[in-house]
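> Following is a predicted model, sequence given first.
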Amino acid sequence: MSLREGGSRERMGGMRVRVECYAGRTADERSVRFQLDSHEYMVEEVLDQWYGPEHAFFKIRADDGKVYILRREASIPDGGWELVSFRA
């Protein structure tokens, strides 16, 4: 597993997040844990995953029961992570 820290992207409305991923055949294949501020969340389920021209998106359900959308900058190696949405 690898830990990746997202950069701050205030102009896009993203929130800095640290993500730990399971890396199988490809890098950062699936997020397993993430940290917002000082709280750590376990990923209970990956609900969806999709790709844009520069980003990979992961819709996940965390151990707090909320749904989060995490975005990784996939256009560069070791791209940063952002929280782009969450729902209770």
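Good, I have the coordinates.
> Distance check, the most centrally placed residue in the chain against Arg87.
Using Cα atoms, centre = their mean, the residue of the chain that lies closest to the mean C-alpha position is Leu70, 3.5 Å off. Noted for Leu70: a distance of 13 Å to Arg87, by Cβ to Cβ, to the nearest Å. From N, CA and C alone the C-beta is placed, and that goes for glycine too.
> Same question for Met15.
When Met15 is compared with Arg87 (using Cβ to Cβ), they lie 14 Å apart.
> Tyr22 too?
Taken as Cβ to Cβ, the span from Tyr22 to Arg87 is 24 Å.
> worst-scoring helix or strand of this protein, pLDDT-wise?
strand 2-5 (a mean of 46; mean pLDDT, DSSP states H and E).
> Can you name every helix or strand that the following helix or strand past that strand contacts?
Where DSSP states H and E defines the elements, the next helix or strand beyond strand 2-5 is strand 15-16. Secondary-structure packing of strand 15-16 (3 or more Cβ pairs under 8 Å, 6 or more residues apart in numbering; DSSP states H and E): strand 81-87.
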